[in-house]
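>>> Coordinates for the following, if possible.
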Amino acid sequence: MSTASAPSRPIVFYDIAMSPPREKTCCSPNPWKTRLALNFKGVPYTTTWVALPDIAKVRTSLNVPACRKFADGSNFFTLPIIEDHATASLLGDSFDIAVHLQRKYPTSGAGDLFPPQTLDFDVEQDPAMLLVPLSEPRESHSAYPEYARFNMKVDAAFTAYAQLSVFGFPFDPATAEATKAEFVRRAGVARWDDFALVGEARERTRESFRNTLGGLAGLFSRDTTGPFLLGTRASYGDFIVGAWLRMLRVTLPESEWEDVRGWHGGVFGRLHDALEVYAEVQ
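Residues are numbered from 1 along each chain as shown. A predicted model of the protein is given here:
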């Protein structure tokens, strides 16, 4: 089989199950990076939904090691995973998956996921302040270092403000209590309500978030021919940011999501809407 063609057997894509209907509520950013990339590449795939408390068991059963660790050195098991039978590949990191799709199916779908571009966005965050750990540098990152660095910086920027979204996650009622208990354990807080961010503190956090994204918005303003980093041409850089916007759309109060859409001249709203063409949940 030519590596330029799509696989004949569908790729199995493992995503995190939220409340039904999952096609409307799926909102985990790293799986969204993979979904956007799969749709962009036009490769056939099916989605397997995994309950949050079952992710560690599923990764272990597939023999896919954790690609992130908590500050104490313990494994952080999360998704996505893809199982590509055509190439006998199992991958459990969104960036690894994108590199795999580009290498194995270079001309499939809309073409190149990683066209050359400069992605000079920077943000400094204290890892100890993040609710979930960021991915560590990996061998696959050396293939597209500009994109790999951008991925880590964008993840740091959005993860630092995840508390704005925590109460809006549409957890599956069947596993909601266990999921909340795990969030509490990871963060080292006493109870779920400790995540609440309201009133003046919330407004300050939102303003800080807006300011943090100013540099990112600037990248999307360089080419005014279209909503993407490269104007009319979508790339994995757009999917990195677009995946986080998908999360915010589901988890923020509607009025706050509308604010985000309008920040910095509306660049994020235009990006989100333009990515609809790659956002089908299969």
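
>>> For stretch 159-168, give the distance from the opening residue to the closing one.
Terminal residues of stretch 159-168 lie 15 Å apart, using C-alpha to C-alpha, to the nearest Å.

>>> Buried residues in it, which are they?
Going by neighbour count (16 or more other C-beta atoms under 10 Å), the buried part of stretch 159-168 is 159-166. To be clear about C-beta, it is placed using only N, CA and C from the backbone, and glycine gets the same treatment.

>>> where along the protein do the helices fall?
Secondary structure of the chain (DSSP state H): helices at 22-25, 29-41, 55-61, 94-104, 145-159, 176-187, 199-212, 214-220, 236-251, 254-274.

>>> hey, least reliable of the ones you listed by pLDDT?
Ranked by mean pLDDT, the helices of the chain end with helix 176-187 in last place, scoring a mean of 86.

>>> ok, back up a step: among the helices of the chain, which comes closest to F77?
Set against F77 and scored by C-beta to C-beta, these come closest in helix 55-61, at 3.9 Å.

>>> Now do that closest one: distance to the chain's middle.
Centre-to-centre, helix 55-61 and its host chain are 20 Å apart (C-alpha atoms, centre = their mean, to the nearest Å).

>>> Quick one: residues in contact with it.
With C-beta atoms under 8 Å, 6 or more residues apart in numbering as the test, helix 55-61 has contacts from 14, 16, 50, 65-66, 75, 77-79, 81, 92.

>>> CA-only coordinates of that helix in PDB, if you can.
Below are the C-alpha coordinates for helix 55-61, written out as PDB (Å, rounded to 0.1, in the frame of the first residue of the first chain):
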ATOM      1  CA  ILE A  55      -8.400   5.800  30.600                       C
ATOM      2  CA  ALA A  56      -5.500   4.400  32.600                       C
ATOM      3  CA  LYS A  57      -6.900   0.800  32.100                       C
ATOM      4  CA  VAL A  58      -7.400   1.400  28.400                       C
ATOM      5  CA  ARG A  59      -3.900   2.700  27.800                       C
ATOM      6  CA  THR A  60      -2.400  -0.100  29.900                       C
ATOM      7  CA  SER A  61      -4.400  -2.800  28.000                       C
END
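
>>> now the residue nearest to D238 when sequence neighbours are not counted, which residues is it bridged with?
Closest residue to D238 apart from its sequence neighbours, by C-beta to C-beta, 6 or more residues apart in numbering: F228 at 4.8 Å. Residues in a beta bridge with F228, per DSSP bridges, are G231.
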